[in-house]
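J.: The following block contains a protein sequence and its predicted model.
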2 protein chains.
Amino acid sequence: MERPLILITNDDGITAPGIRNLINMAKEFGEVYVVAPDSPQSGMGHAVTLNKAIFCNEIVSQSEVKEFSCSGTPVDCVKLAVAHILPRKPDLCISGINHGSNSSINVIYSGTMSAAVEAGIEGIPAIGFSLDNFDYNADFTVAETEIKSIIKEVLENKLPKGIVLNVNIPDVPKGEIKGVKVVRQADAKWDEKFDKREDPRGRQYYWMCGEFVNHDKGDDTDEYALANGYISIVPVRFDLTAHHFLSELKNWNF
Amino acid sequence: MERPLILITNDDGITAPGIRNLINMAKEFGEVYVVAPDSPQSGMGHAVTLNKAIFCNEIVSQSEVKEFSCSGTPVDCVKLAVAHILPRKPDLCISGINHGSNSSINVIYSGTMSAAVEAGIEGIPAIGFSLDNFDYNADFTVAETEIKSIIKEVLENKLPKGIVLNVNIPDVPKGEIKGVKVVRQADAKWDEKFDKREDPRGRQYYWMCGEFVNHDKGDDTDEYALANGYISIVPVRFDLTAHHFLSELKNWNF
């Protein structure tokens, strides 16, 4: 039987420790192709490159893993991999491990999760992994056992059409993860601040910064799971239709 | 009573005919602020600018409309407007009129729709408008009556928490719009092709191109409405949790 074909990408760039650790964990499950951005692309959401050319080169690899460095966004990487680079449609796409969590509303801003969603749109079972720790040298192996278990389950069961998984790992020391919780996206958001500055030529500019605010008191959310030492898994959809509001909206007087 | 405060943005850039027409239609409903990208940002999805400074300047306006040109993404524009530029939280955010439709899966790639979604995340009633015509000089007034009617309804009724509207206008001559349909997002996608070229220095690069493929035969979709001369309205959500799959996923063996 043919070994599974696994596509790996991320948004922190192809040299980030998070993706290097994920490659290491995934290669026992199949043939691995890496197609990832050549530079950090955090916060790129579901952006695609329409107005610029995309450069993509194979890296001379030191192992059996094939690696391609791409000037595009995380979503571009998935599209280019599927349409052009991979020998066939992959059996799995995994994205990450992201430096910083992509829980709650962050799923929508995250290039890492958008890459997984793009694979889902292409009909490929897909998982995004994120670690709730922004330290460049964080220990990305804390959840190695659980990550491998999740990869194995999805390779075996596939995923239903229209669904990808958003997996977040709590910031706890090795051996202290309490387990895995299947949960919903918390109803939380960012309260933005803009730090206004002046450049040496007197022009005003801004840095976006902000505070994450979680008003959701539920114990069935990703934020709650992470805060209590559990890995959170949210099944994510990309049919954005608010089906529950269709019938009411039909009564509006447009 | 205070006049409604209306924020207008888009992804085609502040000088695009689509937004100029929308400003013209909206100003009878309230006080209008425009905060829009200084250059085209199509396909930017929900990208935010984290690794670059954002420049934003007020344009010397020829009317009572206040206008700000911003170097950031459509989502940046909404965040900066709400956090820094507007005198208070706006009563409505309208985005567009986009050059080209944002029906079906395009809702997820579209900067225009992502700006509306960002306003929704901020708790602001929001609508994205798109015209199914890429011609720079298309007639953006074909649906003026319907656009005004939709703006009026949303100003009066608000929208439920967690929902924004995705409005697409068919490419038909003035007077030939058949009406408005409240519908779901069609299950369609892009089949990408990458056009491989060589630059003058011998480096290979790619242009993303592709074909939109609609396998959805339903007559209750945005694609069906547009193809039959109707304006489509899809209520869009940003809680991406696939709630219908939570209970089954809990039985998986992670």
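T.: Looks like it came in fine.
J.: do you know how far A:His215 is from A:Lys196?
T.: 27 Å (Cβ to Cβ, to the nearest Å). Glycine gets a C-beta too; all of them are placed from N, C-alpha and C.
J.: the more surrounded of those two?
T.: Higher neighbour count among A:His215 and A:Lys196: A:Lys196, with 11 against 8, using other Cβ atoms under 10 Å in any protein chain shown.
J.: Where does the residue nearest to A:Ile14 when sequence neighbours are not counted sit: helix, strand or coil?
T.: In space, and not counting its chain neighbours, A:Ile14 is closest to A:Ala36: 4.0 Å by Cβ to Cβ, 6 or more residues apart in numbering or on different chains. Classification of A:Ala36 by DSSP: H, G, I helix; E, B strand; the rest coil places it in strand.
J.: From chain B, how far out is A:Ala36?
T.: According to Cβ to the nearest Cβ, to the nearest Å, A:Ala36 and chain B sit 16 Å apart.
J.: pLDDT score for A:Gly30?
T.: A:Gly30 is assigned a predicted lDDT (pLDDT) of 97.
J.: how many neighbours does it have?
T.: 17.
J.: How about A:Lys174?
T.: If we define neighbours as other Cβ under 10 Å, then A:Lys174 has 10 of them.
J.: for A:Lys196, what are its contacts?
T.: By Cβ atoms under 8 Å, 6 or more residues apart in numbering or on different chains, A:Lys196 lies in contact with A:204-206, B:84.
J.: Keep only those of the residues you listed that are in helices.
T.: Assigned to helices by DSSP state H, none of the contacts of A:Lys196 qualify.
J.: For the residues you listed, I'd like a selection string for ChimeraX - just the buried members, please.
T.: Those of the contacts of A:Lys196 that count as buried under 16 or more other Cβ atoms under 10 Å in any protein chain shown are selected in ChimeraX with:
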select /A:205,206
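J.: Of the contacts of A:Lys196, which is the nearest to A:Phe245?
T.: Using Cβ to Cβ, B:His84 comes nearest to A:Phe245 of the contacts of A:Lys196, at 31.3 Å.
J.: tell me the contacts of that closest one?
T.: Listed by Cβ under 8 Å, 6+ apart, the contact partners of B:His84 are A:194, A:196, A:206.
J.: Mind putting these into TSV with pLDDT and distance to A:Ser130?
T.: What follows is these, written out as TSV (pLDDT from 0 to 100; distance: Cβ to Cβ, whole Å):
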residue	pLDDT	distance to A:Ser130
A:Phe194	95	25
A:Lys196	96	30
A:Tyr206	97	27
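J.: So stretch A:56-69, near chain B or not?
T.: Yes - Stretch A:56-69 reaches chain B (Cβ under 8 Å from any Cβ of the partner chain) through A:56-57.
J.: Quick one: end-to-end distance for that stretch.
T.: Distance across stretch A:56-69, first residue to last, is 6 Å (Cα to Cα, to the nearest Å).
J.: mean confidence for that stretch?
T.: 92.
J.: just stretch A:82-94 next, same as before
T.: Here stretch A:82-94 scores 97 as its mean pLDDT.
J.: Pull out the buried residues from that stretch.
T.: Buried, per 16+ other Cβ under 10 Å, within stretch A:82-94: A:82-83, A:85-86, A:90-94.
J.: which one of these is nearest chain B?
T.: A:Ala83 (4.4 Å; Cβ to the nearest Cβ).
J.: what stretches of the stretch 101-250 of chain A score poorly on pLDDT?
T.: Within the stretch 101-250 of chain A, no stretch has pLDDT under 70.
J.: same thing but at 90, please
T.: A:210 (pLDDT under 90).
J.: just the strands in it please.
T.: Remark: strands assigned in the stretch 101-250 of chain A by DSSP state E, counting those that start in this stretch are A:126-131, A:163-169, A:179-182, A:188-198, A:204-214, A:230-237.
J.: Would you mind listing what in the stretch 1-150 of chain A touches chain B?
T.: Checking the stretch 1-150 of chain A against chain B by Cβ under 8 Å from any Cβ, the hits are A:40, A:42-51, A:53-57, A:73, A:75-76, A:79-80, A:82-84, A:105, A:107-109, A:114, A:117, A:121-122, A:146, A:149-150.
J.: Can you turn the buried part of the residues you listed into a PyMOL selection?
T.: Remark: buried members of those, expressed as a PyMOL selection using 16+ other Cβ under 10 Å:
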select buried, chain A and resi 40+42+43+44+45+46+47+48+49+53+54+56+73+75+76+79+80+82+83+105+107+108+109+114+117+121+122+146+149+150
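J.: can you pull out the helices in chain A?
T.: A:17-26, A:74-80, A:106-109, A:111-121, A:144-157, A:222-227, A:246-249.
J.: And the second one, what does it pack against?
T.: Helices and strands touching helix A:74-80, as assessed by 3 or more Cβ pairs under 8 Å, 6 or more residues apart in numbering or on different chains; DSSP states H and E, comprise strand A:5-9, strand A:31-37, strand A:66-70, helix A:111-121, strand B:188-198, strand B:204-214.
J.: ok, A:Tyr224 touching A:Arg184?
T.: No - between A:Tyr224 and A:Arg184 there is no contact under Cβ atoms under 8 Å: 9.8 Å.
J.: So for the two, which residues contact both of them?
T.: A:Gly218.
J.: Let me see the contact set for A:Ser69.
T.: When contacts are counted by Cβ under 8 Å, 6+ apart, A:Ser69 touches A:14, A:36-38, A:56-57, A:59.
J.: So which of those residues wins on neighbours?
T.: Top of the contacts of A:Ser69 by neighbour count (other Cβ under 10 Å): A:Ala36, with 28 neighbours.
J.: Give the bridge partners for that one, please.
T.: Under DSSP bridges, the beta-bridge partners of A:Ala36 are A:Ser69.
J.: Next one, pLDDT for it please.
T.: 98.
J.: For B:Tyr230, which of the helices and strands packed on helix A:74-80 is the nearest?
T.: Taking the helices and strands packed on helix A:74-80 one by one with Cβ to Cβ, strand B:204-214 is closest: 15.8 Å.
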